[in-house]
Each structure stands twice: as structure tokens, then as C-alpha cells.
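Undergrad: following is a predicted model, sequence given first.
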2 protein chains.
Amino acid sequence: MARPKSEDKRNAILDAATRVFAERGLTAAPTSEISRRAGVADGTLFTYFKTKDDLINALYREIKLELADAMMSEFPRKKSVHTRLRHVWDGYVNWGVNNPEQRRVLAQLQISGMLSKESIEAGSAPFVEMQSMIRDAIERHVFRADVPIELISKMLGSWAEATMDLIMLKPAMAKKYRDGGFAIYWAGIARK
Amino acid sequence: MARPKSEDKRNAILDAATRVFAERGLTAAPTSEISRRAGVADGTLFTYFKTKDDLINALYREIKLELADAMMSEFPRKKSVHTRLRHVWDGYVNWGVNNPEQRRVLAQLQISGMLSKESIEAGSAPFVEMQSMIRDAIERHVFRADVPIELISKMLGSWAEATMDLIMLKPAMAKKYRDGGFAIYWAGIARK
DNA sequence: AATTGATGAGTGAGTAGTCAGGATATGTAT
DNA sequence: ATACATATCCTGACTACTCACTCATCAATT
């Protein structure tokens, strides 16, 4: 290895890509603007990512990792299902509200159809613990009997997204929405 | 007026646009492919829609109108809130499952940032009756007291979307998911 | 006859990716 | 320490290509 690639440059490119993608959309964002904002030459972008598609896939994994960290760090393994779900909920909602650009880009990435199977798989890997917690809770009959398992986790995600939308519209109501949102969710899925 | 524009051609273009956008995404879809699939010349597309942006905004309104029709036709005005919400829920979920391309395009449109204020306003106009039903239900204390009003309709949308995703994955479970999804929704918002 | 629609080759703007030449970090030898 | 050799990085002008949109010409409708 004669000259190593710079981790700083790689991060600068991913960072600039996040901002430019958030502003202009995935396909409308020129790689030249990304490299300019990252402070590197046009060509340099392509030594770190072979194609724009590669960059997009790498960014997806990166953001998913950060999100997983926000949701699963200090996860209260020993507490009740209610407490654990609430932890995940708060982590997700707070991450989205505090990182609107990354959230926006993630939403674009997920429906872009530009992600490889490998990226999608790698992106969901950090969330296995959450999945197993939900399975565990089901076995212990914490949830309503008439509700398909898949709905439980799917709805947590979609509902948290909706809650974030509302918080972005009225930031002053953040706490009310976050608490109210989870209360509805829990009332919907929990066995009475 | 020497020669009128053809409603058929307009519809053919919107139809082709739906298919091409669903396959390739909003920005990656060339207008030339849309016109080709619609069976008209490249230039003709631009006599019906001044710009690609115009086409996109028109398509948004069109799809929203169809969706509103699916949700609000035969709306049971006189029945209980539970029945009325269930009607809307079923209309939405069934529309999405039966029109996956339109649903996919609608999702892309909504986060594209390419919609004008006017289009967004026009798109929500057909749903006023639903809004007023919800306001009415709130006044009659059908819902839990600690739930912010905005969450009620927002949640219907986001949970129905989650339900549709699952139905697309396992069509055989459609009924179970549709019923289960609504059960969660109702349990979440209704006063006990 | 007059007006507007339909056509598709053409135009100009913009883009992802390349590459030759210069710069720089690393390993090795002295 | 210093110098050298070498592999890799960095740069930005350049290329080949794509796309939204135009317009001269022809066709259809009133």
C-alpha cells in the first residue's frame, strides 16, 4: 500500500452527498456538486466510490448504521416490553427530528429502487435485536392475539415516521406528539 | 378552436407516465419513453403538458382524485364513526393493493419536492368530507382524550400504507392484515 | 380558409465517468 | 536519519452520451 485512502475524504464525500441528495434528490444531484461540496476534485469521488450507484449504496448502509445506533444504544434489555419498545420509539423519533437531512435521504433511498440486495440485507442487520425482542414479547403474550406479528414492527416504523412529520410541522408540540404517538401505538397492540 | 386536443391522448400520456415512473423513478424516466409508450410523438407530450414538471403535477392530481373516489364513494354518511372509518380504511387499502403502480408513483411524488403548492392543495381538496367526519367524531367524544387531533387522520394513512406493504408481500394474508390493521388502529384511538 | 394539433430530427445544456500527469505516503536500504 | 523506489492517490480538463424541449413542416378539424 503506497498511499492509503483518507477516511476523512470518504466521510466528507458521504456527508456532502447527504446534503446534496436532501436538497436536490438522488438523480438530480450531480456528482460534481457533491465533490465540490466535499472539497475534493471530481475524479476523487470515483476513487472512493466506483460509480454514483456505489456511493448511493454506501450512503444507505452508513445512514442505517447511525439509525440503528440511535435506536439500540443503551437498550434496556432487562426491562419490560413496554419500556423497551418505548426506548426504540424515542430513539427513532429523536434521531429523525434531529437529522432531517439523513431522514429525508433515507426515505428517498428506500423507494429509489437503486439499492442492491446486499445493501438492503446489510442495512437491516443491525436491527436483529429488535426483531428478537418482538418475537420474545409475542411468546409471552404481551400483544393482542388477533394481530399478525408482522404488523407490530412494520407499524412502529410507519407510525414513528408520521409522528416525525407532525413534529417537523409544529416543533413546539414535539413532546406531546411523541408521547401521544406512542400511547396510541401501545393501546393498539397491547393485550388489555 | 380549429382542432381540439384529444382526451384519449392526454390519458394515454398520463397512463404511460404512471407506468414509466413506477418502473424507473420520476427523474430517471425520459419523456421520450413516456411518449413512445403512449403512442405519440416526442413533441406531442409537450402540447398536452408544457413541461415535464407540469406532467408530474397533473399526474399527482389525477391519482389523488382516483384515490379519493376509491375511499369516499358510497361513503356511509349515516352510520357510526367506526363503520365510516372502516369504509375509508378498506377503500384505501384495496385501492393501493389493486393499483400498485399508482401507489408507488404517488409515494414518489409526495417526497419529490416537485409538487407546487397549488397541486398539493388541489390534491387534498377531495378529502374534506373525511376531515369533517373526524372533527365531528371528536366533538362527540368518540376518541381518546389524550390524542392530538392531527394524529387521527395521519395515522390512518400511515398504518394503511404499512398494511398494504405486508399484503403485497403475502397476498394470501390480505384479509387478515386488513382486518388486523384496522383493529389496531381503532383500539389505538377509540375511547374505551 | 384558418387555426390548431401532430411529428420527429435537431439543439443546447448538463452529466457520469476517464485518464495523463503531478503529488504524496509507505517500505526498504544505506 | 536520509534517500530512493514504487504504488497509489489526486486533479481537472475532456469525452461520450442523455435528456428536456423546440420548431419547421405537414395533417386534421372546424
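TA: Nice, thanks for sending it over.
Undergrad: can you tell me if the helix or strand bottoming out on mean pLDDT in chain A touches chain B.
TA: One helix or strand of chain A scores below all others by mean pLDDT, DSSP states H and E: helix A:128-139, with a mean of 81. No - with C-beta under 8 Å from any C-beta of the partner chain as the criterion, chain B is not reached by helix A:128-139; the gap is at least 13.5 Å. For glycine as for every other residue, the C-beta is placed from the backbone atoms N, C-alpha and C.
Undergrad: quick one: name the residues of chain A near DNA strand D.
TA: Chain A has residues A:1-6, A:9, A:40-44, A:47-48 near DNA strand D, with proximity defined as C-beta under 7 Å from any atom of the strand.
Undergrad: list just the nearest of the residues you listed to chain B.
TA: Chain B lies nearest to A:D42 out of the residues of chain A next to DNA strand D, by C-beta to the nearest C-beta, at 20.9 Å.
Undergrad: does that closest one really touch A:T31, like I thought?
TA: Yes - the criterion here is C-beta atoms under 8 Å, and A:D42 meets it with A:T31 at 7.1 Å.
Undergrad: which one of the two is surrounded by more residues?
TA: Ranked by neighbour count (other C-beta atoms under 10 Å in any protein chain shown), A:D42 and A:T31 place A:T31 first, with 17 against 13.
Undergrad: what sits against that one?
TA: By C-beta atoms under 8 Å, 6 or more residues apart in numbering or on different chains, A:T31 lies in contact with A:D42, A:L45, A:F46, A:K52, A:L55.
Undergrad: name the nearest residue to the last one, sequence neighbours excluded.
TA: If you skip the residues right next to it in sequence, A:L55 has A:F49 as its closest partner in space, 3.9 Å away by C-beta to C-beta, 6 or more residues apart in numbering or on different chains.
Undergrad: distance of the one you found from A:G25?
TA: According to C-beta to C-beta, to the nearest Å, A:F49 stands 18 Å off from A:G25.
Undergrad: can you check A:P171 too?
TA: Using C-beta to C-beta, A:P171 is found at 25 Å from A:G25.
Undergrad: let me know how buried the closest residue to chain B within chain A is, in neighbour terms.
TA: Nearest residue of chain A to chain B: A:G188, at 3.3 Å (C-beta to the nearest C-beta). Residues near A:G188, counting by other C-beta under 10 Å, number 25.
Undergrad: and what of A:L156?
TA: If we define neighbours as other C-beta under 10 Å, then A:L156 has 20 of them.
Undergrad: which of the helices or strands spans it?
TA: Here A:L156 sits within helix A:149-169, counting by DSSP states H and E.
Undergrad: and stretch A:117-136, how far out from the chain middle?
TA: Relative to the centre of its chain, stretch A:117-136 is centred 12 Å away, using C-alpha atoms, centre = their mean, to the nearest Å.
Undergrad: next, the buried residues of it.
TA: By neighbour count with 16 or more other C-beta atoms under 10 Å in any protein chain shown, stretch A:117-136 contains the buried residues A:S119, A:I120, A:A122, A:G123, A:P126, A:F127, A:M130, A:M133, A:I134.
Undergrad: repeat for stretch A:161-169
TA: Of all the residues in stretch A:161-169, those buried under the rule 16+ other C-beta under 10 Å are A:E161, A:A162, A:T163, A:M164, A:L166, A:I167.
Undergrad: list the contacts for the third one?
TA: Put plainly, it is A:T163. A:T163 makes contacts with A:V93, A:Y177, A:R178, A:G181, B:L151, as judged by C-beta under 8 Å, 6+ apart.
Undergrad: who touches A:H87 in this structure?
TA: By C-beta under 8 Å, 6+ apart, the residues touching A:H87 are A:E74, A:F75, A:P76, A:K79.
Undergrad: who wins on neighbours among these?
TA: Most neighbours among the contacts of A:H87, by other C-beta under 10 Å: A:F75, with 15 neighbours.
Undergrad: disregarding flanking residues, what is the spatial nearest neighbour of that residue?
TA: A:F75's closest residue in space is A:H87 (C-beta to C-beta, 6+ apart), at 6.2 Å.
Undergrad: ok, now how distant is that neighbour from DNA strand D?
TA: A:H87 sits at a distance of 40 Å from DNA strand D (criterion: C-beta to the nearest atom of the strand, to the nearest Å).
Undergrad: buried residues in the helix or strand containing that residue?
TA: Assigned by DSSP H and E, A:H87 falls within helix A:81-98. Applying a neighbour-count criterion of 16+ other C-beta under 10 Å, one finds A:81, A:84-97 buried in helix A:81-98.
Undergrad: so which residues make contact with the host helix or strand of the residue of chain A closest to chain B?
TA: Assessed by DSSP H and E, A:G188 sits inside helix A:174-189. Around helix A:174-189, the neighbours that count as contacts under C-beta under 8 Å, 6+ apart are A:82, A:85-86, A:89-90, A:93-94, A:97, A:143-144, A:147, A:151-152, A:155-156, A:159-160, A:162-163, A:166-167, A:170, B:144, B:146-148, B:151, B:155, B:184-185, B:187-189.
Undergrad: pull the CA atoms of it into CSV?
TA: The C-alpha trace of helix A:174-189 is given here as CSV (Å, rounded to 0.1, in the frame of the first residue of the first chain):
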residue,chain,number,x,y,z
ALA,A,174,-42.7,17.6,20.0
LYS,A,175,-43.2,16.1,23.4
LYS,A,176,-47.0,15.9,23.1
TYR,A,177,-46.8,14.2,19.7
ARG,A,178,-44.0,11.8,20.8
ASP,A,179,-45.8,10.7,23.9
GLY,A,180,-49.3,10.7,22.3
GLY,A,181,-48.0,8.8,19.4
PHE,A,182,-46.5,6.0,21.5
ALA,A,183,-49.6,5.9,23.7
ILE,A,184,-51.8,5.2,20.6
TYR,A,185,-49.4,2.6,19.3
TRP,A,186,-49.3,0.8,22.6
ALA,A,187,-53.0,0.9,23.1
GLY,A,188,-53.4,-0.5,19.6
ILE,A,189,-51.1,-3.5,20.0
